[in-house]
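Undergrad: structural data only, the sequence is not supplied:
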């Protein structure tokens, strides 16, 4: 199967995507070199991770010198998984550290916008203003942008964006709250912050299944006389908190958390 090669501009760098029947894949080496990191080290990093390794593909490209070359690519939905294995706090050179943060903050959004087919004249990033959003006057484009926000950041972000785009509202319009049963504390995020800080420790090489993490949370909540939220609500809140605490929630056949270890009791 021949892949369609698509260039994507990101903050002055040209990144390369490959579209084919089983998904979109992004060439890794141009990204690594654009950031200023060592390619060999990052390639080993991806291969060490069992989930990221599943998303590697080798694509033929005519872009190299001397004829066709092979490009090592990673599936688009795993790009952020790789980017967030890079600990910016350990990078001494400030310019490289800032590039890492830019890519972690914005790159997946730009790539997903491009390959999900939303036609825009300007680059999408976290710096898009409300005036920029207001310029998307066509309902189809606005709705598509909300759909992408839902895929990337969840229903609450999609609802917020819907309002900012001034799309029609109905009285019941809001992010779904059915995951939090009646009587459960509203401050789910605050409760889980306490669980992470008191019941876990950070270990970038450790992987814990989502089920094991939830069971550890339930034990912690009982010991602290705290109400227990549902497993679905727990998973959504942990995904949101992963950005603050620099761990990864990896969605695959078995959902796991990477970089977070449950503390031993006793």
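TA: Happy to help now that I have it. Remember, it's a predicted structure, so these values are computed and weren't measured experimentally.
Undergrad: what's the helix or strand for the closest residue to residue 46 other than its chain neighbours?
TA: Counting by C-beta to C-beta, 6 or more residues apart in numbering, residue 52 is the residue found nearest to residue 46 once chain neighbours are left out, at 4.7 Å. Bear in mind the C-beta positions are built from the backbone N, C-alpha and C, glycine included. Using DSSP states H and E, residue 52 maps to helix 50-54.
Undergrad: so, low pLDDT: which residues of the stretch 151-266 of the chain?
TA: 151-162, 165-187, 265-266 (pLDDT under 70).
Undergrad: try it again at 90.
TA: Applying pLDDT under 90 to the stretch 151-266 of the chain flags the ranges 151-191, 193, 202-205, 221-255, 263-266.
Undergrad: can you give me the strands for it?
TA: 200-209, 248-250, 256-262 (DSSP state E, counting those that start in this stretch).
Undergrad: just the stretch 1-150 of the chain next, same as before
TA: Under the criterion DSSP E, counting those that start in this stretch, the stretch 1-150 of the chain carries strands at the ranges 4-10, 13-20, 23-27, 56-61, 69-75.
Undergrad: and these as TSV, adding mean pLDDT?
TA: Formatted as TSV, these follow (pLDDT from 0 to 100):
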stretch	mean pLDDT
strand 4-10	89
strand 13-20	90
strand 23-27	90
strand 56-61	86
strand 69-75	88
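Undergrad: okay, residue 21: pLDDT?
TA: We have a pLDDT of 78 for residue 21.
Undergrad: so how far is residue 57 from it?
TA: Using C-beta to C-beta, to the nearest Å, residue 21 is found at 12 Å from residue 57.
Undergrad: check residue 189 too.
TA: Separation of residue 189 from residue 57 (C-beta to C-beta) stands at 36 Å.
Undergrad: more neighbours, these two?
TA: Set side by side, residue 189 and residue 57 show more neighbours around residue 57, with 16 against 13, by other C-beta atoms under 10 Å.
Undergrad: dump the residue contacts of the more buried one.
TA: Contact analysis of residue 57 by C-beta atoms under 8 Å, 6 or more residues apart in numbering lists 18, 25, 73, 74, 75.
Undergrad: so what's the residue count around residue 87?
TA: Neighbours of residue 87 using other C-beta under 10 Å come to 12.
Undergrad: actually residue 22, not the one I typed
TA: 9.
Undergrad: what do you get for the one 3 residues further on?
TA: Neighbours of residue 25 under the rule other C-beta under 10 Å: 25.
Undergrad: which residues does it bridge with?
TA: residue 18, residue 75 (DSSP bridges).
Undergrad: was I right to think residue 74 contacts residue 45?
TA: No. With contact defined as C-beta atoms under 8 Å, residue 74 does not count as touching residue 45 (11.2 Å).
Undergrad: quickly list what's touching both of these two.
TA: Common neighbours of residue 74 and residue 45 (criterion: C-beta under 8 Å, 6+ apart): residue 82.
Undergrad: in terms of neighbours, single out the busier of these two.
TA: Counted by other C-beta under 10 Å, residue 74 and residue 45 do not tie: residue 74 has more neighbours, with 21 against 16.
Undergrad: quick one on the thing from earlier: nearest to residue 40, out of the strands of the stretch 151-266 of the chain?
TA: Shortest distance between residue 40 and the strands of the stretch 151-266 of the chain, using C-beta to C-beta, is found for strand 200-209: 18.6 Å.
Undergrad: that closest one - contacts with which helices or strands?
TA: Counting contacts by 3 or more C-beta pairs under 8 Å, 6 or more residues apart in numbering; DSSP states H and E, strand 200-209 packs against strand 256-262.
Undergrad: so which bits of the strand it packs on are buried?
TA: Residues 256, 257, 258, 259, 260, 261, 262 are the ones in strand 256-262 that count as buried (16 or more other C-beta atoms under 10 Å).
Undergrad: closest to residue 8 among those?
TA: Among the buried residues of strand 256-262, and counting by C-beta to C-beta, the member closest to residue 8 is residue 258, at 26.5 Å.
Undergrad: quick one: contacts for the nearest residue to that closest one once chain neighbours are set aside?
TA: Leaving aside its chain neighbours, residue 258 sits nearest to residue 248 (4.3 Å; criterion: C-beta to C-beta, 6+ apart). By C-beta under 8 Å, 6+ apart, the contact list for residue 248 reads 81, 84, 85, 242, 257, 258, 259.
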